[in-house]
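1. compute the structure for the input listed below.
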Amino acid sequence: MREADETTRQRLADALRKDAATPSELAVQLDLTPNSIVRHAKHVARSVDGDGEEFLVAPPTCRDCGFDDYDDLLNLPSRCPSCKSESIAEPTFTIE
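-> The predicted model follows:
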């Protein structure tokens, strides 16, 4: 399939099958915003379930206190709920 014929979600899934990446890295690669990557990732996660593949997420992590127990892993938190720091490492997505 030619790249022009692929949907955004297909291109996202293909990129995640090749290598793990953060929403910002994927946004640059796919010419989208990090928030749109997260929205598309939610759909990709549902579509790969049951296909012998697994959508994996390394959670966002506070760089100051290490908090990583976020309720929604497919999210770009702006502040740590524990220490209120705004220094949050983005989640990392991959498909294996």
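2. distance from stretch 56-69 to the middle of the chain?
-> Here stretch 56-69 is found 13 Å from its chain centre; the criterion is CA atoms, centre = their mean, to the nearest Å.
3. if you count residues, where's the longest helix of this protein?
-> The longest helix of the chain (DSSP state H) is helix 34-48.
4. which strands and helices sit next to the helix or strand following it?
-> The helix or strand immediately downstream of helix 34-48 is strand 55-58, counting by DSSP states H and E. In terms of contacts (3 or more CB pairs under 8 Å, 6 or more residues apart in numbering; DSSP states H and E), strand 55-58 is packed against helix 34-48, strand 92-95. (C-beta placed from N, C-alpha, C; glycine too.)
5. now these in a markdown table, with mean pLDDT and mean neighbour count?
-> Below are these laid out as a markdown table (pLDDT from 0 to 100; neighbours: other CB atoms under 10 Å):
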| stretch | mean pLDDT | mean neighbour count |
| --- | --- | --- |
| helix 34-48 | 94 | 17 |
| strand 92-95 | 97 | 19 |
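6. ok, the residue most central in space within the chain - contacts?
-> In the chain, the residue lying closest to the centroid (CA atoms, centre = their mean) is residue 93, at 4.3 Å. Residues in contact with residue 93 (CB atoms under 8 Å, 6 or more residues apart in numbering) are 16, 20-23, 26, 41, 55-57.
7. which residues are in contact with residue 23?
-> Going by CB under 8 Å, 6+ apart, the list of residues near residue 23 reads 34-35, 37-38, 41, 76, 90-91, 93.
8. which neighbouring elements make contact with the longest helix of the chain?
-> helix 8-18, helix 23-30, strand 55-58, strand 92-95.
9. now do it: everything it contacts.
-> 8-9, 12-13, 16, 23-24, 26-27, 30, 32, 54-55, 57, 74-76, 90, 93, 95.
10. among those, name the buried ones.
-> 8, 12-13, 16, 23, 26-27, 30, 32, 55, 57, 74-76, 90, 93, 95 (16 or more other CB atoms under 10 Å).
11. isn't residue 6 right up against residue 14?
-> Yes. Contact criterion CB atoms under 8 Å: residue 6 and residue 14 qualify, at 7.4 Å.
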